[in-house]
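A.B. asks: I need the structure of the sequence given here:
(2 chains)
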There are 2 protein chains.
Amino acid sequence: MSDAAGRAGLAAEAAALDAADRLHAKRREFVLDEDTVYLDGNSLGALPRAVQPRLAEVVGREWGRLRIRSWAESGWWTAPERTGDRIGRLIGAGPGQVVVGDSTSVNVFKAVVGAVRMAAPGEGRDEILVDAATFPTDGYIAGSAARLTGCRLRPVAAGAMADAAGPRTAAALVNHVDYRTGRLYDLPAITAAVRAAGARVVWDLCHSAGALPVALDADGADFAVGCTYKYLNGGPGSPAFLYVRREHQPRFDSPLPGWNSHADPFAMSPHYRPAEGAVCGRVGTPEILSLLALEAALEVWDGVELTAVRAKSLALTDFFLRCAAAYLPPGLVEPLTPEAHRERGSQVSLRCVRGGADEAMTELARRGVVGDFRRPDVLRFGFTPLYTGFAETERAARTLGEVLACR
Amino acid sequence: MSDAAGRAGLAAEAAALDAADRLHAKRREFVLDEDTVYLDGNSLGALPRAVQPRLAEVVGREWGRLRIRSWAESGWWTAPERTGDRIGRLIGAGPGQVVVGDSTSVNVFKAVVGAVRMAAPGEGRDEILVDAATFPTDGYIAGSAARLTGCRLRPVAAGAMADAAGPRTAAALVNHVDYRTGRLYDLPAITAAVRAAGARVVWDLCHSAGALPVALDADGADFAVGCTYKYLNGGPGSPAFLYVRREHQPRFDSPLPGWNSHADPFAMSPHYRPAEGAVCGRVGTPEILSLLALEAALEVWDGVELTAVRAKSLALTDFFLRCAAAYLPPGLVEPLTPEAHRERGSQVSLRCVRGGADEAMTELARRGVVGDFRRPDVLRFGFTPLYTGFAETERAARTLGEVLACR
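C.D. replies: Numbers count the residues shown, from 1 in each chain, chains lettered A, B, ... in the order given. Below you'll find the predicted structure:
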């Protein structure tokens, strides 16, 4: 088959896949320009159309006219839990266990210290395991949590976490999907193993929330955190979430016991008494504009099932890998993302074996295909099934082939 | 003098004061309805007109069109320090020492732990002093900082802080203005005394930033935190700020060493190395929509000197107290706010000696005068010189008199 025929075949296949895609209509709920293939939704999700009018209302009417009354009358005060429940549905968490606020880093701190404090005194659990390839902030924060609680931090490959957890382990902090390679780890199995060792597991869902089904309640997860600006499209730096399993809430001992998590915050008591429910994970006053933008952004998930998202995600990444195999000059890149579906998140990472990844990504963006570059040599492409199509995917791989061929 | 003549006299005086007010024109930069006297700007500042159009641009163009590119091209990444410098001018901090992000509670945690860690090992400093009447979150968080660093928390009246600091004191956390009474404490004197005792002082400026002149650099303050949604009008839950004195920055050892405070965040190094400058106080990804709304809100301060703000603030609270003395039925309320200017913030708190404060505030709001109620018996009125006028002040006191007379 000639190159041209191969290209025509893949393009035709893409058109057929788009025509059959049941999520295709969701794309219209986002602001997108048709000239650009945006494959960086795993860094910053595209703008849902519902956000701009909602934010205009929040600023103009709720802040501008009602002002202080909006804390009660516009539901500002309860937005962290309300938005948490919306996210809960997407990560397999029943109501009252997820709260939105603060950054992922701050939530990692709450969860890891909280997990360590659940170990009974005298149990001798003085070790925190952390995913050795973790997004760095998790490691830095886990290190701080270890230092402040008298624990030792031990980096362990996520794949070896199940075996590493032992009688000295207090908590294990694991990424569900590796940010760099896109590798998906086995949440149910690792959770079971860590818990069987008598320790608590904290999952970082930054690269899986909104990308694939997660079943925190069913799988027995203790704690989870994640950001909302990637697959959840909450906007730049939108607040992160914290999941505290219901049965742990009465014992959750937050290292950041701010007044918003007090059982009766307006009593202004000098004595701290934690609230029940997901509220126990709050700290200070939430950043309402960012939070309510996120809440509006989450409306795109109404009626969407994560199984459908996952099916399309795998179809997109499969198709991208096939297109890349067809279009890319041989020997220049190697996929870091696993071929097996059960080990693949919603991104494809390609390592440039002869370097030049940074320049290649810059040129790719100039040609209208936006992914991102991770030092030293990784091209990263995120596939967001709510708004990414197959024709775009084919174009992205084709353009990448053209860029690499010029080198 | 008859009541009517007294009323007419105060109304005429208010009109004259408004006519002579050099800040009067600033009011036009805010969204306000003329029917309401808004005296709750010490809880949530009014909406500056610059915010709505700026936020529409941030969402529509920067997020919606440029998406990920905006982290560099729209200056999102550096917004915490840039906005921090804008606030720095208002609190007497030279550039590079203030960073914006997270809540006040989270910044209290960074500052108090950071302050404790500055004590040399072996110095035996194992005590954290906290303002006994503090806004509760400061006390809760200082308690957590104490527990995590092996210190003891000792509540001390803010006025006694200077005498209380001693050889065992590691850090003292003090409110510049008491949120409940409106009492202003002597920042230079307390700072000097705490430092003379070899300890570090952390100032909470929530009720003074934007309300009166603060001179952190000149007065030798070690750390400071504050919110931005009161007198700085940043919007609901807008991000807080953290001041780390320049000379302390190289030794600032954050308990929340998130990737945003790394010297080279995109190196994604597993080893934490803190950035220089105010960046050392960052943690995770900032909530950009709330942060850039704040940045736009701060434009109202261009060309405004805090000495003029302070002069008007004192004139407003003096006038309110005079009007209250003239209009309020005798014996029902007593001012908690000190009469002496050097001890007064920018609010007036009135204690309802026979109770009923909650109902009185509700009725007052129904009549178009918005203040707030603090349990158990305090009516609190905040005076925000950029948009509060004297005629409004007279109306507020007169209406309060009418409400109390009905009881």
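A.B. asks: For the longest helix seen in chain A, which residues meet the burial criterion?
C.D. replies: If you go by DSSP state H, chain A has its longest helix at helix A:306-327. By neighbour count on 16 or more other C-beta atoms under 10 Å in any protein chain shown, the buried set for helix A:306-327 is A:306, A:308-317, A:319-321, A:323-324, A:326-327. Heads up, the C-betas are built off the backbone N, CA and C, glycines and all.
A.B. asks: what does the next helix or strand after that helix contact?
C.D. replies: Sequence-wise, the next helix or strand downstream of helix A:306-327 (DSSP states H and E) is strand A:333-335. Contacts to strand A:333-335, defined as C-beta atoms under 8 Å, 6 or more residues apart in numbering or on different chains, come from residues A:321, A:324, A:348-353, A:379, A:404.
A.B. asks: Is the helix or strand that strand A:333-335 is followed by positioned near chain B?
C.D. replies: Counting by DSSP H and E, the element after strand A:333-335 in chain order, helix or strand, is strand A:347-352. No - using C-beta under 8 Å from any C-beta of the partner chain, strand A:347-352 stays clear of chain B, coming no nearer than 13.2 Å.
A.B. asks: Return the alpha-carbon coordinates of the next helix-or-strand element following strand A:347-352 using PDB.
C.D. replies: Following strand A:347-352 in sequence order, the next helix or strand is helix A:357-366 (DSSP H and E). Below are the C-alpha coordinates for helix A:357-366, written out as PDB (Å, rounded to 0.1, in the frame of the first residue of the first chain):
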ATOM      1  CA  ALA A 357      11.500  16.700  21.700                       C
ATOM      2  CA  ASP A 358      11.200  20.300  22.800                       C
ATOM      3  CA  GLU A 359      11.800  21.700  19.300                       C
ATOM      4  CA  ALA A 360       9.500  19.100  17.700                       C
ATOM      5  CA  MET A 361       6.700  20.100  20.100                       C
ATOM      6  CA  THR A 362       7.200  23.800  19.400                       C
ATOM      7  CA  GLU A 363       7.000  23.200  15.600                       C
ATOM      8  CA  LEU A 364       4.000  20.900  16.100                       C
ATOM      9  CA  ALA A 365       2.200  23.700  17.900                       C
ATOM     10  CA  ARG A 366       3.100  26.100  15.100                       C
END
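A.B. asks: name the helices or strands packed onto helix A:357-366?
C.D. replies: strand A:372-374, strand A:378-382, helix A:390-405 (3 or more C-beta pairs under 8 Å, 6 or more residues apart in numbering or on different chains; DSSP states H and E).
A.B. asks: Let's have those in CSV, adding mean neighbour count, distance to chain B and mean pLDDT.
C.D. replies: CSV is the format used below for the helices and strands packed on helix A:357-366 (neighbours: other C-beta atoms under 10 Å in any protein chain shown; distance: least, C-beta to the nearest C-beta, whole Å; pLDDT from 0 to 100):
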stretch, mean neighbour count, distance to chain B, mean pLDDT
strand A:372-374, 19, 7, 93
strand A:378-382, 26, 10, 97
helix A:390-405, 21, 15, 97
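A.B. asks: between the ones you listed, which one is nearest to residue B:202?
C.D. replies: Residue B:202 sits nearest to strand A:372-374 of all the helices and strands packed on helix A:357-366, at 37.7 Å, using C-beta to C-beta.
A.B. asks: What are the contacting residues of the closest one?
C.D. replies: A:40, A:43, A:179-180, A:349, A:357-358, A:361-362, A:379-380, A:382, B:68, B:268.
A.B. asks: how big is the angle separating the longest helix of chain A from strand A:378-382?
C.D. replies: Here the directions of helix A:306-327 and strand A:378-382 differ by 140 degrees (axes from the mean of the first three to the mean of the last three C-alpha atoms, to 10 degrees).
A.B. asks: same for helix A:306-327, what does it pack against?
C.D. replies: helix A:3-20, strand A:333-335, strand A:347-352, helix A:390-405.
A.B. asks: Which parts of the stretch 151-300 of chain A are strands?
C.D. replies: Under the criterion DSSP state E, counting those that start in this stretch, the stretch 151-300 of chain A contains strands at A:152-156, A:169-175, A:200-204, A:223-226, A:241-244.
A.B. asks: So what's the gap between the fourth one and the chain middle?
C.D. replies: Relative to the chain's own centre, strand A:223-226 is displaced by 10 Å; criterion: C-alpha atoms, centre = their mean, to the nearest Å.
A.B. asks: List the residues that contact the closest residue to chain B within the stretch 51-200 of chain A.
C.D. replies: Going by C-beta to the nearest C-beta, chain B is nearest to residue A:103 of the stretch 51-200 of chain A, at 2.7 Å. Counting by C-beta under 8 Å, 6+ apart, residue A:103 makes contact with A:227, A:237, A:239-240, B:102, B:258, B:283-287.
A.B. asks: Can you say which of the helices and strands packed on helix A:357-366 is nearest to residue B:375?
C.D. replies: Between residue B:375 and the helices and strands packed on helix A:357-366, the shortest separation by C-beta to C-beta is 49.1 Å, and it involves strand A:378-382.
A.B. asks: Parallel or antiparallel, which strands does that closest one pair with?
C.D. replies: Partners of strand A:378-382 in the sheet, by DSSP bridges, are strand A:347-352 (antiparallel), strand A:372-374 (antiparallel).
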